[in-house]
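Asker: Following is a predicted model, sequence given first.
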Amino acid sequence: FMQASLAPSTLFGDLPVLKLTYTLQIEGDGSLPDFLGSAWRGLVGWALKRLLCPYEKFKNCSEGCLLQPHCPYYLLFENKSQIPGVFDAPRGYIIYPQPGLKKGNCDVNITLFGDYSKFATVINKAIYQGQGAGIGKDRMPYILVDAVEKTPVDIKPLSIHKNQPVHCKGPFPLKTWLEPTKNNGKLYFITPMRLKKKGHYQREMDWSFFLSTIVRRLESLNCLFNQGQLLGKEKWNNISLFFEKNSSSSVDVKWVDLERFSNRQKRKIPMGGLVGEAFEQSSNPIILEWLETASLIHAGKGASMGWGRIETA
């Protein structure tokens with residue numbers, strides 16, 4: 001088989017990707033955790049439900065609301081995959097806030113995949129609406145300073161007015177976002193990466209498994225949000241064999257224990273994972289393209305709230 005046929009730009013290159021960045025000024029005297037992804041995800045969900053739900057007491061979505069097939073809140077936060085073979089399905093978005101900032105300006109990056117790019121306007125309104133609610137357990141207020149659409153070639157300012165739709169240039173196909181020639185194989189795991197294998201979270205890096213999870217995640221995103229098809233056994237065997245023969249890495253990662261409080265479940269949820277860095281010693285351009293893809297789509301559990309953030313160098 002031809003190696004190029006196993007590249008993400010070949011297998012999933014047409015998957016639409018829309019990237020938005022909101023610059024927010026956080027104020028107040030409270031405290032914020034280093035990783036705010038779950039807090040921003042909760043705020044966007046809360047704001048969407050109050051913006052969109054026609055029921056006075058915000059009916060429980062699990063009760064079979066007739067509006068579910070068309071409700072942005074339900075589709076973004078509650079909907080489950082009905083596609084056979086796609087288990088533990090990923091969400092069609094990533095909310096990744098810049099980690100480590102306690103006050104001042106903070107960037108919140110939102111990535112939408114496939115037909116979920118149509119939700120850009122309601123997400124824009126939710127973030128605008130959330131200014132009054134505040135962020136974190138201390139409900140620290142914030143001001144929406146700016147919003148931009150990131151593109152493969154330039155940056156275009158977006159309207160931040162709550163009553164105006166977002167007019168984007170994108171989404172753009174996945175293949176236009178990939179620039180593996182700028183990637184020398186160095187990876188930084190910025191937020192905890194939670195890789196689960198045979199029911200257990202991996203506390204040490206399994207490089208081959210890591211690469212396979214990137215393929216599986218991208219396959220699922222393409223199926224769920226771009227009407228794509230599963231790869232099938234033959235392609236999976238070819239990809240596994242390719243990774244086995246063409247990748248070699250040195251890894252320096254460690255497990256960090258973290259937890260978050262879920263307002264919906266009313267309990268603390270473990271969110272620990274692997275952080276650190278790795279170096280892919282192979283210069284194979286297809287391997288480097290998969291690493292570039294990993295930086296775009298995140299990896300592991302909790303990716304929708306910014307976990308598994310990977311940056312290349």
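Answerer: Nice, thanks for sending it over. These figures come from a predicted structure and were not determined experimentally.
Asker: low pLDDT regions in the stretch 101-250 of the chain?
Answerer: 101-103, 162-163, 180-181 (pLDDT under 70).
Asker: which stretches of it form helices?
Answerer: Remark: helices assigned in the stretch 101-250 of the chain by DSSP state H, counting those that start in this stretch are 120-129, 174-177, 207-226, 233-246.
Asker: For those helices, could you give me a markdown table that also reports mean neighbour count?
Answerer: The C-beta positions use only the backbone N, C-alpha and C, and glycine is treated the same way. Shown next, in a markdown table, are the helices of the stretch 101-250 of the chain (neighbours: other C-beta atoms under 10 Å):
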| stretch | mean neighbour count |
| --- | --- |
| helix 120-129 | 20 |
| helix 174-177 | 20 |
| helix 207-226 | 20 |
| helix 233-246 | 14 |
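Asker: So which of those helices is nearest Ala7?
Answerer: Counting by C-beta to C-beta, Ala7 lies closest to helix 174-177 out of those; the figure is 8.8 Å.
Asker: Tell me the helices and strands packed up against that closest one.
Answerer: Helix 174-177 is packed against helix 8-11, strand 16-26, helix 285-297, with contacts defined by 3 or more C-beta pairs under 8 Å, 6 or more residues apart in numbering; DSSP states H and E.
Asker: Check the burial of the residue lying closest to Gly45 once chain neighbours are set aside by counting its neighbours.
Answerer: Distance criterion C-beta to C-beta, 6 or more residues apart in numbering; nearest residue to Gly45, sequence neighbours excluded, is Phe77 at 4.9 Å. For Phe77, the count of nearby residues is 20 (other C-beta atoms under 10 Å).
Asker: which SS state does Phe77 fall under?
Answerer: helix (DSSP: H, G, I helix; E, B strand; the rest coil).
Asker: Give me the sheet partners of the helix or strand hosting Tyr96 and which way each runs.
Answerer: Tyr96 belongs to strand 93-97 when assigned by DSSP states H and E. Strand 93-97 has the following strand partners under DSSP bridges: strand 104-113 (antiparallel).
Asker: Enumerate the positions of the strand it pairs with that are buried.
Answerer: 106, 108-113 (16 or more other C-beta atoms under 10 Å).
Asker: So what's the gap between it and the chain middle?
Answerer: Mean-position distance between strand 104-113 and its chain equals 11 Å (C-alpha atoms, centre = their mean, to the nearest Å).
Asker: Give me the angle between it and helix 120-129.
Answerer: Angle of strand 104-113 versus helix 120-129, following axes from the mean of the first three to the mean of the last three C-alpha atoms, to 10 degrees, is 160 degrees.
Asker: between strand 104-113 and helix 285-297, how many degrees?
Answerer: For strand 104-113 against helix 285-297, the angle by the same axes, to 10 degrees is 120 degrees.
Asker: Now do strand 104-113: everything it contacts.
Answerer: 15-26, 36, 40, 92-98, 119-120, 123, 127, 142, 145, 150, 171, 221, 225-226, 296-297 (C-beta atoms under 8 Å, 6 or more residues apart in numbering).
Asker: Out of the helices of the stretch 101-250 of the chain, flag the one nearest Phe189.
Answerer: Of all those, helix 207-226 comes closest under C-beta to C-beta, at 9.8 Å.
Asker: contacting residues around the closest one?
Answerer: Contacts with helix 207-226, where a contact means C-beta under 8 Å, 6+ apart, come from 8, 11-12, 14-16, 81, 83, 86, 89-90, 92, 113-116, 195, 197, 202, 228-231, 236, 239-240, 243-244, 247, 249, 251, 278, 287, 290, 293-294, 297, 299-300, 303.
Asker: picking up where we left off before, could you flag which of the contacts of strand 104-113 are buried?
Answerer: By 16+ other C-beta under 10 Å, the contacts of strand 104-113 give 15-24, 26, 36, 40, 92-98, 119-120, 123, 127, 142, 150, 171, 221, 225-226, 296-297 as buried.
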